[in-house]
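> Got a predicted model here, sequence first, then my questions.
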Amino acid sequence: MRVGNVSMVSSILLLCTSIIACGSTYKSEDSNSVESLNETVYIPTSYRSTGLDFTQAAESTVNAVVSIRTTTEVKSRGYQDPIFEFFFGPGHGQREQRPQSGLGSGVIVSSDGYIVTNNHVIEGADKLEVTLNDNRSFNGRIIGADPTTDLALVKIEADNLPTVKFGNSDNLKIGEWVLAVGNPFGLTSTVTAGIVSAKARRISGGMNRGQLGIESFIQTDAAVNPGNSGGALVNTAGELVGINTAIFSQTGNYAGYSFAIPSSIVSKVIADLRQYGTVQRAVMGVSFQEITSELAKEKKLDVHEGVYVAEVRDRSAAFEAGVEVGDVITAIDGKKITNGSSLQEQIGRFNPGDKIKVTLRRNGKDMIVDMTLKNNQGNTEVTKAVDFASMGAVFKELTDTQKRELNVRNGVEVVAVKDGKFKSAGIRDGFVILDINNATITSVKDVEKIFDSITRSNSERKVMFITGIYPNGKLMYYAVDLSD
């Protein structure tokens, strides 16, 4: 979006700026994207004058960064002609298909074809085309995605691929040089340089995409633009220290700051997605507040860093460890906690069942408690991704004859119900699904996409609310619980 003069007072500037995801979307008929430029390395002369050499880090990275082009079939209502419908039946001429393309980046993390990217790059896509730096193209399939961290794992069928070595984002220091590698505006293998401006940065307050669940971003001033989403942030040794995700901008393009997910989070998330299909997320079971001067004065706190425990949930890991309302969490396993973002980052590295040591400040004294982390269900069991086959149903798209007989324009028929979630909800053979969670259903792929969206969501209870009709004309409503 566009805003006015940015030399306004800071409070107005904050209201007028936005954090946007740095993927880019193009209409399929767009022929202006530049794809023939390769290995563009932007390193200003002023940077080279420092004596630093970025060439080795760039050369060791560009071949492991890929371009990801997504294709999504978007249904749009066209002109409705009642005469045309009378002769040719419901649904004819009522909708037109127009594919849309999106463009982002990804990083090869294993030589057998596993690629990490952002969830918002691949979300809702019907097709993924992955292009390597040597111009080879492959169809990609989604192994798993985690909206909470905005990460996804994609697989292509290839061997002996170049990879980027993982680095330790914990060791990054403010002021340290980093490189951003990606495909801005379709310009493949573009490298930009900058410094680490901040760590453990929270940005959701200005995001027009909605709040992310876990935020502890690396902030840099390396130039990142639409198309860089999912690309690599590397240190001068060429090690992966982050995945570029968002920019701070008034215009939609780079305006001085970019944000990356730390490799400490990335490595844990993709390992879980690869092994389980979903992230094993540990929780403490507390609600917290950032410590401000006002809060410190109100609560008579003698520390100004850490997080203030505002609530402890019953039967949670924190409750069983003896954490109390009013405590200040200052460290996890000896690693300093300065704010809520750093707490989220530290806890995000663990699995349910892991044991940690939590340093608390209580009544002016420090104490350490042992804590066994749990999952959202309050136990330490491994959570597995819900497979579409667990629905226990076979689906078939309606024929034109069925649409006329049922007097509907869309729908998907449930032709066989066996043991599974549909049978448990009471759905029987012959039921025609008209909509799920208020989304119109026109194909089996619609059912699958909504299923995937629900199972990947952050909600503790994952439910499909289904409206449909039986052949006898009886309208029915069902709630299918997809939670484990």
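Looks like it came in fine. Numbers count the residues shown, from 1 in each chain.
> Specify the residue ranges that define each domain of this structure.
What automatic domain parsing lists as the domains of the chain is 19-279, 286-372, 388-481.
> What is the end-to-end distance of the shortest one?
Pointing back at domain 286-372 there. End-to-end distance for domain 286-372, by CA to CA, to the nearest Å: 14 Å.
> ok so, going back, can you tell which of the domains of the chain is closest to Val382?
domain 19-279 (6.6 Å; CB to CB). Using the backbone N, CA and C atoms, a C-beta is placed for each residue, glycine as well.
> I'd like to know which of the domains of the chain has the weakest mean confidence.
If you rank these by mean pLDDT, domain 19-279 sits at the bottom with a mean of 80.
> what sits opposite Gly194 in the beta ladder?
Taking DSSP bridges as the rule, Gly194 bridges to Val178.
> so it sits right up against Val178, yeah?
Yes: with contact defined as CB atoms under 8 Å, Gly194 reaches Val178; the gap is 6.3 Å.
> which ones are touching Leu153?
114-116, 142-145, 270, 273-274 (CB atoms under 8 Å, 6 or more residues apart in numbering).
> quick one: it is in a strand?
Yes: Leu153: assigned to a strand according to DSSP: H, G, I helix; E, B strand; the rest coil.
> how much space between it and Val109?
Leu153 sits at a distance of 8 Å from Val109 (criterion: CB to CB, to the nearest Å).
> Spit out the residues that contact these two alike.
By CB under 8 Å, 6+ apart, the residues touching both Leu153 and Val109 are 115-116, 270.
> Could I get the contacting residues of the residue lying closest to Pro262 once chain neighbours are set aside?
Computed as CB to CB, 6 or more residues apart in numbering, the closest residue to Pro262 that is not its neighbour in sequence is Ser169, at 3.7 Å. Ser169 makes contact with 218, 241-242, 262-264 under the criterion CB under 8 Å, 6+ apart.
> ok, so of those, who is nearest Ile203?
Using CB to CB, Ile218 comes nearest to Ile203 of the contacts of Ser169, at 11.2 Å.
> Any idea how many residues pack against the closest one?
Neighbour count for Ile218, taken as other CB atoms under 10 Å: 26.
> Over to Asp366?
Asp366, neighbours per other CB under 10 Å, totals 12.
> cool, and Lys421?
Residues near Lys421, counting by other CB under 10 Å: 18.
> Ramachandran angles for it?
Lys421 adopts backbone torsions of phi -70, psi -30, taken as degrees, to the nearest 10.
> quick one, what contacts it?
Contacts of Lys421 by CB under 8 Å, 6+ apart are 390-392, 480-482.
> change it to 10 Å
Applying CB atoms under 10 Å, 6 or more residues apart in numbering to Lys421 gives the contacts 386, 390-393, 427, 451, 464, 480-483.
> Out of those, flag the one nearest to Leu295.
Nearest to Leu295 among the contacts of Lys421: Ser483, at 35.6 Å, using CB to CB.
> Pull the contacting residues for the spatially closest residue to that closest one that is not a sequence neighbour.
Spatial nearest neighbour of Ser483, chain neighbours left out: Lys462 (5.1 Å); criterion: CB to CB, 6+ apart. Contacts for Lys462 (CB under 10 Å, 6+ apart) come out as 386, 451, 453-456, 480-484.
> So what does Lys462 look like in phi/psi?
Main-chain dihedrals, Lys462, degrees, to the nearest 10: phi -110, psi 110.
> The stretch 351-484 of the chain: helices as residue ranges?
400-406, 421-425, 444-455 (DSSP state H, counting those that start in this stretch).
> got it, and the stretch 151-300 of the chain?
Under the criterion DSSP H, counting those that start in this stretch, the stretch 151-300 of the chain contains helices at 263-276, 293-299.
> which strands and helices sit next to the first one?
Other elements packing on helix 263-276 under the criterion 3 or more CB pairs under 10 Å, 6 or more residues apart in numbering; DSSP states H and E are strand 114-117, strand 137-146, strand 151-155, strand 232-235, strand 240-249, helix 340-347.
> what's the angle between that helix and strand 151-155?
Here helix 263-276 runs at an angle of 50 degrees relative to strand 151-155 (axes from the mean of the first three to the mean of the last three CA atoms, to 10 degrees).
> Not counting sequence-adjacent ones, nearest residue to the residue nearest the centre of the chain?
Centroid-nearest residue in the chain: Asp150, 1.8 Å away (criterion: CA atoms, centre = their mean). What sits nearest to Asp150 in space, not counting adjacent residues and going by CB to CB, 6+ apart, is Asn119, at 4.8 Å.
> doesn't Ile270 make contact with the one you found?
No: Asn119 is not in contact with Ile270 according to CB atoms under 10 Å; the separation is 11.8 Å.
> Find residues that contact each of the two.
144, 146, 149, 151-153.
> what about Glu311, how many neighbours?
12.
> in its sheet, what does the host helix or strand of it sit against?
According to DSSP states H and E, Glu311 maps onto strand 307-312. Strand 307-312 sits in its sheet next to strand 286-290 (antiparallel), strand 328-332 (antiparallel), going by DSSP bridges.
> next helix or strand past it?
Toward the C-terminal end, the helix or strand that comes next after strand 307-312 (DSSP H and E) is helix 317-321.
> What helices and strands are in contact with that following helix?
When contacts are defined as 3+ CB pairs under 10 Å, 6+ apart, helix 317-321 sits against strand 286-290, strand 307-312, strand 355-362, strand 365-372.
> Check what contacts that helix and list those residues.
282-286, 309, 311-314, 323-324, 327, 329, 347, 352, 354-358, 360, 369-375, 378, 380.
> now that helix: how far from the chain's centre is it?
29 Å (CA atoms, centre = their mean, to the nearest Å).
> Check stretch 456-475 too.
25 Å.
> now swap in stretch 436-451 and tell me
Taking CA atoms, centre = their mean, one finds stretch 436-451 lying 21 Å from the centre of the chain it belongs to.
> Going by neighbour count, list what's buried in it.
For stretch 436-451, the neighbour count (16 or more other CB atoms under 10 Å) marks 436, 441-443, 446-447, 449-451 as buried.
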